[in-house]
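Participant: Give me the fold of what follows.
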Amino acid sequence: MNPDLEKLVQLQKADAELRRVETALQEVPRQRAEAEGLLQQERQRLDQAKEALAESQKARRQHEGGLQDLETKRSKYKGQLMDVKTNKEYTAMLHEIENVEREIKAREDQILVEMERAEGLTAEIKQEEVVFKAAEERHRTLARTLEERQKALDAERTELTKSRDAVAQGLGGDLLELYGRVARLRGSAVAEARDEMCQVCHVKLRPQMYMNLKHNAEIVQCPACNRILYFEPPVPVVAHHP
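Facilitator: Prediction:
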């Protein structure tokens with residue numbers, strides 16, 4: 001193969017490897033953000049359960065405070081019951097006491113509801129804490145894995161860049177400029193010629209051009225896409241005799 005053509009093929013392979021590494025590196029921050037988002041969801045579930053318990057406990061304290069006020073009011077009314085002078089006043093006072101006792105019963109029911117709710121939320125919090133702890137451990141493990149992956153990819157990118165630059169330096173300025181121009185326009189600058197076609201744009205090549213390409217002796221561009229063409233000889237098939 002023409003040495004310059006061989007370098008051009010190597011250069012494209014190096015660029016393809018660099019793109020692979022760059023793409024993998026771009027995935028690392030996305031994976032970190034995704035992992036952080038999942039952990040945040042677990043944290044929110046735990047926080048919401050804790051907030052709900054705090055609200056329930058606050059509501060229970062308010063009901064208990066209201067209950068205490070009502071019991072004080074009932075005691076006051078019962079004390080006043082002894083001082084009434086008429087049956088009408090006595091009946092009215094009994095009616096007030098009955099109303100207060102209904103309110104007391106309602107408050108006691110509300111306190112029981114909040115006690116049951118708090119019991120359920122306490123169990124839920126314990127379960128969420130177990131789930132969150134496991135999520136934190138997964139997050140730490142993934143964070144370490146991603147950190148190691150980024151370091152490995154950074155090192156691979158450094159080595160690939162050195163190799164790529166070494167290949168590029170072996171090419172003349174005109175060829176390097178041609179490679180860069182076609183790569184910018186087409187995304188890739190070099191294409192394999194096989195089965196009488198450019199394997200990227202799939203344009204049929206003239207028979208004579210294809211025959212010449214098989215020698216890999218010159219720099220030839222595809223007449224349709226302008227990519228630099230090369231021919232990869234088929235791997236010889238070794239016959240196995242019985």
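Participant: Once you drop chain neighbours, what's closest to residue 198?
Facilitator: Of all residues not flanking residue 198 in the chain, residue 222 sits nearest, at 4.4 Å (CB to CB, 6 or more residues apart in numbering). In this view, the C-beta of every residue, glycine as well, is placed from N, C-alpha and C.
Participant: Give me the helices and strands touching the strand of greatest length in the chain, please.
Facilitator: Taking DSSP state E as the criterion, the chain has its longest strand at strand 190-194. Applying 3 or more CB pairs under 8 Å, 6 or more residues apart in numbering; DSSP states H and E, we find strand 190-194 packed against helix 3-81, strand 228-230.
Participant: Which of those has the highest mean neighbour count?
Facilitator: strand 228-230 (a mean of 24; mean count of other CB atoms under 10 Å).
Participant: For that strand, give the mean pLDDT please.
Facilitator: Averaged across strand 228-230, the pLDDT comes to 95.
Participant: where does this protein have low pLDDT?
Facilitator: Within the chain, the stretches with pLDDT under 70 are 236-242.
Participant: rerun at 90
Facilitator: 1, 77, 79-86, 89, 170-173, 232-242 (pLDDT under 90).
Participant: okay, which residue is most central for it?
Facilitator: A centroid search over the chain (CA atoms, centre = their mean) returns residue 34, at 1.9 Å, as the residue closest to the centre.
Participant: any idea how far that residue lies from residue 4?
Facilitator: 45 Å (CB to CB, to the nearest Å).
Participant: ditto for residue 101
Facilitator: 103 Å.
Participant: How about residue 29?
Facilitator: Distance, residue 29 to residue 4, using CB to CB: 39 Å.
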